[in-house]
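[1] Here's a sequence, model it:
(one chain, ligands or ions: 1)
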Amino acid sequence: MRFDALTPTYLFREMEERAAAYRERHPDAEVLSLGIGDVTRPLAPCVSAAMARAAGEMATAAGFHGYPPAFGYDFLREAIAGAYARRGVTMEADTVYISDGAKTDAALLPRLFDGVTVYLADPCYPVYRDAHLLAGHRICTLDATAENGYLPPPPERGRDAAIVYLTSPGNPIGVAYDRAGLSAWVRYARQSGSLLIFDAAYAAYLPSDLPHSIYEIEGSRTCAVELGSFSKSAGFTGVRCAWSIFPDKVTFGGVQLAPLWRRLKSISSNGVSYPVQCGAAAALTPAGRAATEEHVRYYLENAALLAAALRASGTPFVGGTCSPYLWVTCPRGCTAWETFTRYLNERQLVVTPGGGFGAGGEGYIRLSALGTRDTVRRAAERLCP
Ligand code: PLP
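    Numbers count the residues shown, from 1 in each chain. Prediction:
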């Protein structure tokens, strides 16, 4: 393994240590965190009831479930296909693969490939980079900058067949591709023989007129796979359930990927527990969907509070309208860690330094709107001049 290739990712530990040291020096200060990417809203009652019911079944001879099917119970695969259908996308249930997290799938995906080139936005969700570095793959970065609206377009030169990650809306940059932006990537993938890996972990935050899935774009079924998650929509960060989509026709280098994915998943996991999959299916019922919409509205209202405060203080930022994240430009001449220290010392706020998401994140901090309303409201007051 190539652990030497990885840069140490002490970001969150370092943030915690610095915040803890501050608290020790200032025991009366109330430090608020806008740093975490974890949700705070409780599970929908229909979800917890479904999990409790399933746990009860497991305690009966008739309802006991042993190892789950390797790719997920049909009832959940069908419910996810149904969710795609509501967006006008026909997705066969047997192209849906259940897992315990989009992170698990993202970490596993590189093992499908040998000696490939990988295009990653910089900054991006760090798991993509680390997993491909461990696999010894060549990484090319696509700068996400103010000039391209933080949404890198396809490269104009070097049209090699590559693996390309697209995250929409993004983490850490809370902006999303529109139909034209994704169509350009699908065209690029088809012309170059590239594979798109579309991470839709935050799709629930998108307005209905933006694409929620790469399969809303024509031509994508031969060149794109997709990751989805219940974490940030139904509040499953602690429950753990996600899915990947591998349409049968997707190939890379002339090889059909779905059979390889099935093989890889069979080797690496014994599936996701029955109660968890029942809870996930409940999240897709009308009551579960209404609860998700309510969660998303709550977090987006949080984001609006933060955005208003940043605007009032003249601080440049993007995001927060179709994502729970706001990407904030550091004061001129200040590094991300210096800005972190200023926020902590001057406002008693913990924020995430952008450099932890890649070199292109230097000069920015990420604010998360996934906290409770009370925390966010008080944090917003401290952001105002
Ligand atoms: N993809 C992105 C872009 C994320 O930000 C995260 C989590 O923060 C994940 C995937 C992982 O999601 P899960 O909780 O399903 O593992």
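[2] For stretch 11-19, buried residues please.
    Leu11, Met15, Ala19 (16 or more other Cβ atoms under 10 Å). In this view, the C-beta of every residue, glycine as well, is placed from N, C-alpha and C.
[3] do it and the ligand meet at all?
    No - applying Cβ under 6 Å from any ligand atom, one finds stretch 11-19 separated from the ligand by no less than 11.5 Å.
[4] Run the chain-centre distance for that stretch.
    Stretch 11-19 sits 21 Å away from the centroid of its parent chain (Cα atoms, centre = their mean, to the nearest Å).
[5] Take it, keep the C-alpha atoms, and write them as CSV.
    What follows is stretch 11-19, C-alpha atoms only, in CSV (Å, rounded to 0.1, in the frame of the first residue of the first chain):
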residue,chain,number,x,y,z
LEU,A,11,-7.6,18.7,10.0
PHE,A,12,-10.5,17.8,12.3
ARG,A,13,-8.3,16.7,15.2
GLU,A,14,-6.3,19.8,14.9
MET,A,15,-9.4,21.9,14.9
GLU,A,16,-10.7,20.1,18.0
GLU,A,17,-7.3,20.5,19.8
ARG,A,18,-7.1,24.2,19.0
ALA,A,19,-10.7,24.7,20.2
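[6] returning to what we had before: tell me the one of the buried residues of stretch 11-19 nearest Ala79?
    Leu11 (35.4 Å; Cβ to Cβ).
[7] Just confirm that closest one contacts Gly358, I think it does.
    No - at 11.2 Å, Leu11 does not count as touching Gly358 under the criterion of Cβ atoms under 8 Å.
[8] Contacts only, for Glu338.
    Cys330 (Cβ atoms under 8 Å, 6 or more residues apart in numbering).
[9] How far does the helix or strand containing it sit from its chain's centre?
    If you go by DSSP states H and E, Glu338 is part of helix 336-347. Distance of helix 336-347 from the chain centroid (Cα atoms, centre = their mean) equals 26 Å.
[10] got it, and stretch 246-254?
    That offset, for stretch 246-254, works out to 23 Å (Cα atoms, centre = their mean).
[11] 536 is where my numbering starts, stick with that
    Noted, 536 is the first residue going forward, which turns the last one into stretch 781-789.
[12] Distance check, the residue in the chain that the ligand sits nearest to against Gly763.
    Using Cβ to the nearest ligand atom, the closest approach of the chain to the ligand is made by Gly636 at 2.9 Å. Per Cβ to Cβ, to the nearest Å, Gly636 is found 11 Å from Gly763.
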